[in-house]
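S.K.: build me a structure from this.
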Amino acid sequence: MVADTGKRGARPTGRPPAGMRQGEKVKDYPQVSLRLPPEAKAMLRALSLVSGSPQWRIVSAALECFLRERSPAEQRQVSRYLTQP
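M.R.: From the prediction side, this is the model:
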């Protein structure tokens with residue numbers, strides 16, 4: 001069997017940026033350290049493996065879900081904190 005040596009288009013080497021928005025790099029995101037009970041850490045790892053998503057994406061999605069479950073008053077309060085300098 002002969003390998004196809006034709007060029008199919010120039011693609012950059014390496015992995016593409018994997019941030020939340022176009023062009024963002026995860027390595028540029030601030031880091032946070034959490035202490036979790038062993039069961040929570042195991043669940044986070046299992047969810048990551050099953051979904052094929054990195055753990056940081058699962059935590060981010062969980063925060064969004066948690067915020068949606070808050071009352072409208074609490075959501076407004078969170079919005080105010082996010083817009084403060």
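
S.K.: for residue 47, see how far away residue 40 is.
M.R.: Distance, residue 40 to residue 47, using C-beta to C-beta, to the nearest Å: 10 Å. (C-beta placed from N, C-alpha, C; glycine too.)

S.K.: the more surrounded of the two?
M.R.: The residue with more neighbours, out of residue 40 and residue 47, is residue 47; 16 against 11, by other C-beta atoms under 10 Å.

S.K.: need the contact list for that one.
M.R.: 53, 58 (C-beta atoms under 8 Å, 6 or more residues apart in numbering).

S.K.: what helix or strand is it on?
M.R.: In the assignment (DSSP states H and E), residue 47 maps to helix 38-51.

S.K.: centre of the chain to that helix, how far?
M.R.: 14 Å (C-alpha atoms, centre = their mean, to the nearest Å).

S.K.: what does the helix or strand just after it contact?
M.R.: Using DSSP H and E, the helix or strand that follows helix 38-51 towards the C-terminus is helix 55-69. Applying C-beta under 8 Å, 6+ apart, the contact partners of helix 55-69 are 20, 26, 29, 44-45, 47-48, 51, 75, 78.

S.K.: and those as a markdown table, adding pLDDT and distance to residue 65?
M.R.: Shown next, in a markdown table, are the contacts of helix 55-69 (pLDDT from 0 to 100; distance: C-beta to C-beta, whole Å):
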| residue | pLDDT | distance to residue 65 |
| --- | --- | --- |
| 20 | 64 | 15 |
| 26 | 73 | 21 |
| 29 | 83 | 20 |
| 44 | 97 | 14 |
| 45 | 97 | 19 |
| 47 | 97 | 13 |
| 48 | 96 | 16 |
| 51 | 96 | 14 |
| 75 | 97 | 13 |
| 78 | 97 | 13 |
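
S.K.: among those, which pair sits farthest apart?
M.R.: 45 and 75 (29.8 Å; C-beta to C-beta).

S.K.: where does this protein dip in pLDDT?
M.R.: 1-8, 11-23 (pLDDT under 70).
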